[in-house]
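Q: predicted coordinates and the sequence they were generated for:
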Number of protein chains: 2
Amino acid sequence: MPITKQTIAIIGAGGNMGSAFAKSIAEGNYRLLLFDRNPEQLGSLHEEILLDHPKADVELMNCPHESSWEADIIILAVPHGAEKELADKIREVATQKIMISMANPIDEDFSQLITDPDTSAAEELQQWLPNSKVVKAFNTTLAADFEQPVINGKQVDAFIAGDDEKAIQSVIELVETVGFNPIVAGDLSVSGTLERMQLLLMQLTIKNEYNWLAGWKILHN
Amino acid sequence: MPITKQTIAIIGAGGNMGSAFAKSIAEGNYRLLLFDRNPEQLGSLHEEILLDHPKADVELMNCPHESSWEADIIILAVPHGAEKELADKIREVATQKIMISMANPIDEDFSQLITDPDTSAAEELQQWLPNSKVVKAFNTTLAADFEQPVINGKQVDAFIAGDDEKAIQSVIELVETVGFNPIVAGDLSVSGTLERMQLLLMQLTIKNEYNWLAGWKILHN
């Protein structure tokens, strides 16, 4: 465990995935900065986190730029459509920092990906933030999995893709703190596979009524 | 169970996947026609099947055209690079038949797919065989999974994609006979996701030394 806490900015912390992540990471040795452009969504989240983890080091923030400036790791828990504008706002303060791409670029009726077939949300984010260390993570896990990362007796796998080994190592620690089984899937170009897997998981969740608690697992000896 | 047996032609039955499939389907109520362009590979397979299933209805064939002509379901257990030439040979006799695409269009060093990003091996096969009912199946399962479809206490999922409902139903029965848990993933366009998943599984199998016994599972309540 590092002597100085790492600081994590969660941009979009009031949303479904952002709040699920914030609650489950709060038991770790991290300083959390919560930002949402709808600040009223953050009030109860702050209380909920402190109720479960009274010693959690968590702050509400008013500005994505300020949040990112103070952070070592930035989690973008916003829809893919909002990422480019956000990237423009925080580009300078995100230089050399770990930037986690959680987004799944799925259309409104869960029928297809809206990115071109030869790229991915994560690779686009890396283009928009060329000096940040983009890591794809937490996109293959549904929000409910964060509260219950063991389903049907097996720990849900959480796939990680990125080009920077040290950044990947930090994200492995985040994944383990949240309670998932980390699997390093490969470099950032594997993100297209991970985003397609999540589209498929969402489609199957709807069709087969998994009640939004479902996750990927690789069975092996 | 149908009164008349369905006939399955396995083209490439001497290979890794073809022989694994042949052995595991032999306990079902099917007539099996085994073809391989290297017929010497088929001799011991025939004996092995009859040793485990003395009542199995299984024949060695000399010609892919003849095999397909007699079949209700045709399994192409050949590398993707061999599919087009084979499709040309059997096109006429494969009309209206179920054609199972098992192939994963992966390059020799398991680094990437060789198909264009906006298509898949299965969709290409459907283009080459426009009058056949192409169904993607058994591509997300490794050969060893056929012998051991329950890994670490969980039944391996086998994903199915296709455009014809009746054909999908027949393939579900095949999957169940082999011993996997069938999951209908969607129409044939989902094949690109399934082929990417298998590339990832193979890469992880090599990197993490799963000993070629590994399979996908969706955990859910």
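A: Arrived safely, thanks for sending.

Q: wait, A:Y30 touches A:Q6, no?
A: Yes - at 5.6 Å, A:Y30 counts as touching A:Q6 under the criterion of Cβ atoms under 8 Å. Yep, even glycine has a C-beta here, placed from its N, CA and C like the rest.

Q: those two - which one has more neighbours?
A: A:Y30 (21 against 16; other Cβ atoms under 10 Å in any protein chain shown).

Q: those residues of chain A touching chain B, which are they?
A: By the rule Cβ under 8 Å from any Cβ of the partner chain, the part of chain A lying against chain B is A:117-118, A:151-154, A:156, A:183, A:185-186, A:190, A:192-193, A:196-197, A:199-201, A:203-205, A:208, A:210-211, A:213-221.

Q: tell me which helix or strand of chain A sits lowest on mean pLDDT?
A: Ranking every helix and strand in chain A by mean pLDDT, DSSP states H and E puts helix A:43-52 at the bottom, with a mean of 93.

Q: for it, name the packing helices and strands.
A: helix A:16-25, strand A:30-35, strand A:57-60 (3 or more Cβ pairs under 8 Å, 6 or more residues apart in numbering or on different chains; DSSP states H and E).

Q: which of the residues in that helix are classified as buried?
A: A:45-46, A:49 (16 or more other Cβ atoms under 10 Å in any protein chain shown).

Q: return the distance of it from the chain's centre.
A: For helix A:43-52, the separation from the chain centroid amounts to 19 Å (computed by Cα atoms, centre = their mean, to the nearest Å).

Q: just want the angle from that helix to strand A:30-35.
A: If you take axes from the mean of the first three to the mean of the last three Cα atoms, to 10 degrees, helix A:43-52 sits at 160 degrees to strand A:30-35.

Q: next, the angle from helix A:43-52 to helix A:16-25.
A: Using the same axes, to 10 degrees: helix A:43-52 against helix A:16-25 is 20 degrees.

Q: on that earlier part again, now the helices and strands packed on helix A:43-52 in JSON lines, with distance to A:E165?
A: What follows is the helices and strands packed on helix A:43-52, written out as JSON lines (distance: least, Cβ to Cβ, whole Å):
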{"stretch": "helix A:16-25", "distance to A:E165": "22"}
{"stretch": "strand A:30-35", "distance to A:E165": "21"}
{"stretch": "strand A:57-60", "distance to A:E165": "27"}
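
Q: now do the helices in chain A.
A: A:16-25, A:43-52, A:64-70, A:80-90, A:121-128, A:143-147, A:165-178, A:191-208 (DSSP state H).

Q: select, out of those helices, the one closest to B:W69.
A: helix A:191-208 (35.6 Å; Cβ to Cβ).

Q: for that closest one, packing partners?
A: Helix A:191-208 packs on helix A:121-128, strand A:133-136, strand A:157-162, strand A:214-220, strand B:181-186, helix B:191-207, strand B:214-220, going by 3+ Cβ pairs under 8 Å, 6+ apart.

Q: show me the contacts for the most centrally placed residue in chain A.
A: Central residue of chain A (Cα atoms, centre = their mean): A:M102, 3.9 Å from the mean position. Contact analysis of A:M102 by Cβ atoms under 8 Å, 6 or more residues apart in numbering or on different chains lists A:17, A:21, A:75-77, A:137-139.

Q: chain neighbours aside, what residue packs nearest to A:L201?
A: A:A214 (6.2 Å; Cβ to Cβ, 6 or more residues apart in numbering or on different chains).

Q: the one you found bridge partners, please.
A: The partner list for A:A214 in beta bridges (DSSP bridges) reads B:H220.

Q: could you check how far it is from B:N208?
A: Here the distance between A:A214 and B:N208 works out to 23 Å (Cβ to Cβ, to the nearest Å).

Q: re the thing from before, lowest mean pLDDT across the helices of chain A, which one is that?
A: Comparing mean pLDDT across those, the weakest is helix A:43-52, with a mean of 93.

Q: convert the C-alpha atoms of that helix to CSV, please.
A: C-alpha atoms of helix A:43-52 as CSV (Å, rounded to 0.1, in the frame of the first residue of the first chain):
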residue,chain,number,x,y,z
GLY,A,43,-25.7,14.9,-2.0
SER,A,44,-27.0,11.6,-0.9
LEU,A,45,-24.1,9.7,-2.5
HIS,A,46,-21.7,11.5,-0.2
GLU,A,47,-23.9,10.6,2.8
GLU,A,48,-24.2,7.0,1.7
ILE,A,49,-20.5,6.5,1.3
LEU,A,50,-19.8,8.0,4.8
LEU,A,51,-22.5,5.8,6.3
ASP,A,52,-20.9,2.7,5.0
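
Q: how about the residue nearest to the centre of chain A: what's its closest non-neighbour residue?
A: Using Cβ to Cβ, 6+ apart, the nearest residue to A:M102 is A:F138, at 4.8 Å.

Q: number of residues surrounding the one you found?
A: Counted with other Cβ under 10 Å, residues neighbouring A:F138 total 27.

Q: next one: A:S189
A: With other Cβ under 10 Å as criterion, A:S189 counts 16.

Q: surely it meets A:E123?
A: Yes - A:S189 is within contact range of A:E123, at 6.8 Å (criterion: Cβ under 8 Å).

Q: which residues are common contacts for these two?
A: Residues touching both A:S189 and A:E123 (Cβ under 8 Å, 6+ apart): there are none.

Q: from the chain's centroid, how far away is stretch A:181-196?
A: 13 Å.

Q: one more: stretch A:49-61?
A: Worked out by Cα atoms, centre = their mean, stretch A:49-61 lies 19 Å from the chain centre.

Q: next, format the helices and strands packed on helix A:191-208 as CSV and append mean neighbour count.
A: As requested, the helices and strands packed on helix A:191-208 are arranged in CSV below (neighbours: other Cβ atoms under 10 Å in any protein chain shown):
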stretch, mean neighbour count
helix A:121-128, 22
strand A:133-136, 28
strand A:157-162, 27
strand A:214-220, 22
strand B:181-186, 20
helix B:191-207, 21
strand B:214-220, 22
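
Q: and of the ones you listed, who's closest to B:E147?
A: When these are compared for distance to B:E147 using Cβ to Cβ, the nearest one is strand B:214-220, at 11.8 Å.

Q: CA atoms of the closest one as PDB?
A: The C-alpha trace of strand B:214-220 is given here as PDB (Å, rounded to 0.1, in the frame of the first residue of the first chain):
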ATOM      1  CA  ALA B 214     -11.000 -22.600 -20.900                       C
ATOM      2  CA  GLY B 215     -14.500 -21.200 -21.700                       C
ATOM      3  CA  TRP B 216     -16.800 -18.300 -21.500                       C
ATOM      4  CA  LYS B 217     -19.500 -18.000 -19.000                       C
ATOM      5  CA  ILE B 218     -22.100 -15.400 -18.300                       C
ATOM      6  CA  LEU B 219     -22.800 -15.300 -14.500                       C
ATOM      7  CA  HIS B 220     -26.300 -14.200 -13.700                       C
END
